[in-house]
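Colleague: sequence? don't have it. structure:
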Ligand code: X90
């Protein structure tokens, strides 16, 4: 059986070693400038340019045609999308998959590093020779054990694009305050704590992970130009769980635009 895994670019992964994998890009649009979330884009430069941009910036997801193009060349497909509650991405994938029984569309109700965990799980299932039906069930079960937390210094772009209420964005509007939250069961941003200073935010993330059943499983950290905080968090997790499998990777364009400079997204496995 030839499998193909396709994720939208909010996964922050353009390639996936050991997997027949494709990324379908979202776009960031500012005036007549379009940033395609694909290899080769200078993300820090984009973030800088968008800070200075005078016109409103919006984003757009892959359309049905983009998904249809990607859903070719294999026997079975996994289409993994950002939460359907914040983007039309999943809906476009579902339309492209309509009437086909060779496509499993996965609405992750999340984004970024939680999508990465799901893709890794699919890779493991394929490697051990599981069939399509078995993998579908394994992934459904697995998703009940994965979570996403975020720590954001600014939610301006989320609020400007109607992805959070202005009142929520205001919490992180104060200098030095980070909003710690999680992807809710509905796939929306759920604020949890207001943290003063990065140290406090990192300690609270670990507390929150443990409170939701983290016991040393995988952790995937995606950051927008904040490798230092990612490494501190990695250290803090390893202090308590020395054998934890932790990876850090930079956000590509879509997550960088919405998480904004300094933002962290943390995907993890819990019991
Ligand atoms: O279709 C589109 O134009 C894309 C819209 C995406 C909007 C949300 C992106 C969120 C990126 C921010 C923090 C994590 C939030 C998790 C919520 C489930 C990252």
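Modeller: Sure, I can see it. Values in this document were obtained by computation on a predicted structure and should not be read as measured data.
Colleague: quick one: the residue in the stretch 101-250 of the chain that the ligand sits nearest to from residue 193, how far?
Modeller: The ligand sits closest to residue 183 of the stretch 101-250 of the chain, with a gap of 3.4 Å, by CB to the nearest ligand atom. Placement of C-beta: from N, CA and C, glycine included. The gap separating residue 183 from residue 193 is 15 Å, by CB to CB, to the nearest Å.
Colleague: okay, those two: which has more neighbours?
Modeller: Remark: of residue 183 and residue 193, residue 183 carries more neighbours, 25 against 16, as counted by other CB atoms under 10 Å.
Colleague: Give the bridge partners for the more buried one, please.
Modeller: With DSSP bridges as the criterion, residue 183 is bridged to residue 189.
Colleague: centroid residue for the protein?
Modeller: residue 112 (1.3 Å; CA atoms, centre = their mean).
Colleague: My guess is that residue contacts residue 12. True?
Modeller: Yes. Residue 112 is within contact range of residue 12, at 5.7 Å (criterion: CB atoms under 8 Å).
Colleague: Find the residues that touch each one of those two.
Modeller: 222, 251, 255 (CB atoms under 8 Å, 6 or more residues apart in numbering).
Colleague: can you list the residues you listed in a markdown table and add neighbour count, secondary structure and pLDDT?
Modeller: Compiled in a markdown table, the shared contacts of residue 112 and residue 12 are given as follows (neighbours: other CB atoms under 10 Å; DSSP: H, G, I helix; E, B strand; the rest coil; pLDDT from 0 to 100):
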| residue | neighbour count | secondary structure | pLDDT |
| --- | --- | --- | --- |
| 222 | 32 | strand | 99 |
| 251 | 27 | coil | 98 |
| 255 | 27 | helix | 98 |
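Colleague: Packing partners of the helix or strand bottoming out on mean pLDDT in the chain?
Modeller: Taking mean pLDDT, DSSP states H and E as the measure, the chain has helix 166-171 as its least confident helix or strand, at a mean of 88. On a contact count with 3 or more CB pairs under 8 Å, 6 or more residues apart in numbering; DSSP states H and E, helix 166-171 meets helix 156-160, strand 177-183, strand 189-196.
Colleague: right, and the helix or strand after the longest one?
Modeller: Heading C-terminal from strand 189-196, the first helix or strand you meet, by DSSP states H and E, is helix 198-211.
Colleague: can you give me the offset of that following helix from its chain's centre?
Modeller: In this view, helix 198-211 has its centroid 19 Å away from the chain centroid, taken as CA atoms, centre = their mean, to the nearest Å.
Colleague: Of the helices and strands packed on helix 166-171, which stretch is the most buried?
Modeller: Comparing the helices and strands packed on helix 166-171 by mean neighbour count (mean count of other CB atoms under 10 Å), strand 177-183 comes out on top with a mean of 23.
Colleague: What parts of the chain come near the ligand?
Modeller: With CB under 6 Å from any ligand atom as the criterion, the chain meets the ligand at residues 26, 59-61, 82-83, 86-89, 110-111, 148, 150, 163, 183, 187, 189, 255, 258-259, 265.
Colleague: Mind giving me the ChimeraX select for those residues, buried ones only?
Modeller: Burial among the residues of the chain next to the ligand is assessed by 16 or more other CB atoms under 10 Å; the matching ChimeraX selection reads:
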select :26,59,61,82,83,86,87,88,89,110,111,148,150,163,183,187,189,255,258,259,265
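Colleague: From the residues of the chain next to the ligand, which land in helices?
Modeller: Counting by DSSP state H, the part of the residues of the chain next to the ligand found in helices is 89, 255, 258, 259.
Colleague: Could you point out the member of the residues you listed that lies closest to the ligand?
Modeller: residue 258 (3.6 Å).
Colleague: contacting residues for that closest one?
Modeller: 59, 157, 158, 161, 163.
Colleague: quick one: it from residue 164, how far?
Modeller: Distance of residue 258 to residue 164, computed by CB to CB: 10 Å.
Colleague: what do the two both touch?
Modeller: By CB under 8 Å, 6+ apart, the residues touching both residue 258 and residue 164 are residue 158.
Colleague: Right, I'll call it a day here.
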